[in-house]
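J.: Coordinates for the following, if possible.
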Amino acid sequence: MPPVRRVAMLSLHTSPLEQPGAGDAGGMNVYVRSVALELARVGVEVDIFTRRTGEERPSWEEMADGVRVHHLAAGPPHRIPKEALPQLTGTFTAALTEVAGALAGGGVDVLHSHYWVSGTVGLTVARKLKLPLVHSMHTMAKVKNLRMKNLGTAEPPVRVSGEQAVVSGAARLIANTSTEASELESLYGAHAERIDVVAPGVDLETFNPGSREISRSLLQFPQRSFHVVFAGRIQKLKGPQVLVAAVRELVERRPDIPLTVSILGSRSGSDALKLQPLIDDAGLHDIVRLYPPVKAAQLAHWFRAADVVVMPSFSESFGLVALEAQACGTPVLAANVGGLPQAVSDGRTGLLVEGHSAGGWSAALERLFDDTPYREALGRGAAVHALAFGWQRTALLTAQSYRTAVERFSSIAAR
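T.: Predicted structure coming up:
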């Protein structure tokens, strides 16, 4: 099987240098950055191409040995809503084509695009350079439309058709879970033999068990409170409104619970939420507090300071937050959707909740408060479970997908 020494990653949607939880940055930022760093450690050089979002950004910068981030001029040099990105695919393709000579002559073996907008660009560039394209969806329009029927506008047809073109044209598709692989097959007609299932990972050096007391002291939280944490973008898709409704019901039913709820993140996307008015209307301003996104090392303290981390998402391709929280020894209460059932082992590392009713979520929170030994056992199981998801494993399996793509692409070209 041919070796792969250099890969060009396309991430028009967002830069791996952005703060997760802010704007449109999230798990995909963590994914691209972490996989790139681990690929470099196993001998695969990575060039990441993204859109310039600030005048101060250099044309390229080194993220680590063997990993470079290139900022291409495509559209205005500032952040724009991701809904506007399809209008920039032509300019991004042109900007990338300008450096295509350097790519073609620089020993690039494969292109790897992330999210559908990058995938459509990747198809064009791959044809120009005569290189195989590997694509990671991260999220899919048809899946979101099925799961969010009553939560906002449907994903646009241009995205659906763009994703279909990528599925049909990419040499390999990388799915986070077997569930996502099945969705690619059933909803987009992908061929199973072109799909590689590669689970995301977790930074086990940053996210690991520690003292809840120490983390609470650092964050100035009372030791005896029942602390619930949500971390993610403040949008309907992620479900923080479900948490607020559940907390309102729980407070009314069980005023004896010393409840503290921390929501970390910022508003994002067309389904962004104004969460503070919901909190105020529910009379929860003394219990539920909003905080801005934080760096990974600080986020680990928030997870360690929590009794439970909640993910009431309506759609998740995997759920990196669930892994990070579990790695810190904290159980996760997650919606039974998408990849979350594979990220969270129900009854062993956390609990999966069916649906998004306030009653269902408040009952699950109440159960975890009332049964401290069970909650602590879930936390111990969570820490062990997360050990199987290091980023090195993700990178090695990704490199294997690259080699398969190159081998099959070369055999077709030789015919």
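
J.: What residues are bridge-paired with residue 48?
T.: Note on residue 48: beta-bridge partners by DSSP bridges are residue 9, residue 69.

J.: Might you list the low-confidence residue ranges for the chain?
T.: Residues of the chain meeting the criterion pLDDT under 70: 1-2, 19-26, 54-55, 75, 77, 82, 100-106, 149-152, 268-272, 413-415.

J.: what about the longest helix in it?
T.: helix 391-413 (DSSP state H).

J.: quick one: contacts of that one?
T.: By Cβ atoms under 8 Å, 6 or more residues apart in numbering, the list of residues contacting helix 391-413 from outside reads 1-4, 7, 34-35, 37-39, 41-42, 44, 109-110, 112, 130-134, 171-172, 174, 196, 198-203. C-beta here means a position set from N, CA and C on the backbone, and glycine is covered the same way.

J.: Show me just the buried residues among the residues you listed.
T.: 4, 7, 34-35, 37-39, 44, 109-110, 112, 131-134, 171-172, 174, 196, 198-203 (16 or more other Cβ atoms under 10 Å).

J.: picking up where we left off before, the contacts of helix 391-413 in helices, which ones?
T.: When DSSP H is applied, those are split such that 34, 35, 37, 38, 39, 41 fall in helices.

J.: how about those in a markdown table, adding distance to residue 220?
T.: A markdown table is the format used below for these (distance: Cβ to Cβ, whole Å):
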| residue | distance to residue 220 |
| --- | --- |
| 34 | 30 |
| 35 | 35 |
| 37 | 33 |
| 38 | 35 |
| 39 | 39 |
| 41 | 37 |
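
J.: Between these, which sits nearest residue 227?
T.: residue 34 (27.1 Å; Cβ to Cβ).

J.: what about the residue nearest to the closest one when sequence neighbours are not counted, how many residues close to it?
T.: Of all residues not flanking residue 34 in the chain, residue 391 sits nearest, at 4.5 Å (Cβ to Cβ, 6 or more residues apart in numbering). Residues lying near residue 391 (other Cβ atoms under 10 Å) number 24.

J.: what about the longest helix of the chain, distance to the chain center?
T.: On the basis of Cα atoms, centre = their mean, to the nearest Å, helix 391-413 is displaced by 22 Å from the centre of the chain it belongs to.

J.: repeat for stretch 334-341
T.: Stretch 334-341 has its C-alpha centroid displaced from the chain centroid by 13 Å (Cα atoms, centre = their mean).

J.: Return the set of buried residues in it.
T.: Neighbour count says stretch 334-341 has 334, 335, 337, 338, 339, 340, 341 buried, by 16+ other Cβ under 10 Å.

J.: can you pull out the helices in the stretch 101-250 of the chain?
T.: 116-129, 141-147, 157-169, 178-188, 212-219, 240-253 (DSSP state H, counting those that start in this stretch).

J.: Report the buried residues of the fifth one.
T.: Buried residues in helix 212-219, counted by 16+ other Cβ under 10 Å: 212, 215, 216.

J.: Which of these lies at the shortest distance from residue 62?
T.: residue 215 (32.7 Å).

J.: What are the boundaries of the strands in the stretch 251-400 of the chain?
T.: For the stretch 251-400 of the chain, applying DSSP state E, counting those that start in this stretch gives strands covering 259-264, 288-291, 308-311, 332-335, 350-353.

J.: Out of these, which is the most enclosed?
T.: Most buried of those, by mean neighbour count (mean count of other Cβ atoms under 10 Å): strand 332-335, with a mean of 28.

J.: Going by contacts, tell me the helices and strands next to it.
T.: In terms of contacts (3 or more Cβ pairs under 8 Å, 6 or more residues apart in numbering; DSSP states H and E), strand 332-335 is packed against strand 308-311, helix 320-327, helix 340-343, strand 350-353, helix 358-370.

J.: Centre of the chain to that strand, how far?
T.: So, by Cα atoms, centre = their mean, the centroid of strand 332-335 is 16 Å from its chain's centroid.

J.: oh, and call the first residue 48 from now on, that's how I've got it
T.: Got it, first residue is 48 now, which makes that one strand 379-382.

J.: Next, count neighbours for the nearest residue to residue 138 once chain neighbours are set aside.
T.: Distance criterion Cβ to Cβ, 6+ apart; nearest residue to residue 138, sequence neighbours excluded, is residue 121 at 4.4 Å. Residue 121 has 23 neighbours, counted by other Cβ under 10 Å.

J.: quick one, what contacts residue 121?
T.: Applying Cβ under 8 Å, 6+ apart, we find residue 121 in contact with 59, 98, 99, 135, 138, 139, 141, 142.

J.: The same query, at a cut-off of 7 Å, please.
T.: Going by Cβ atoms under 7 Å, 6 or more residues apart in numbering, residue 121 touches 98, 135, 138, 139, 142.

J.: what's the closest of the residues you listed to residue 349?
T.: Distance to residue 349, by Cβ to Cβ, is smallest for residue 98 among the contacts of residue 121, at 29.9 Å.

J.: Would you mind measuring from the residue lying closest to that closest one once chain neighbours are set aside to residue 367?
T.: Nearest non-adjacent residue to residue 98, counting by Cβ to Cβ, 6+ apart: residue 121, 4.9 Å away. Using Cβ to Cβ, to the nearest Å, one gets 27 Å for the distance from residue 121 to residue 367.

J.: so residue 366 sits right up against residue 387, yeah?
T.: Yes - the criterion here is Cβ atoms under 7 Å, and residue 366 meets it with residue 387 at 4.9 Å.
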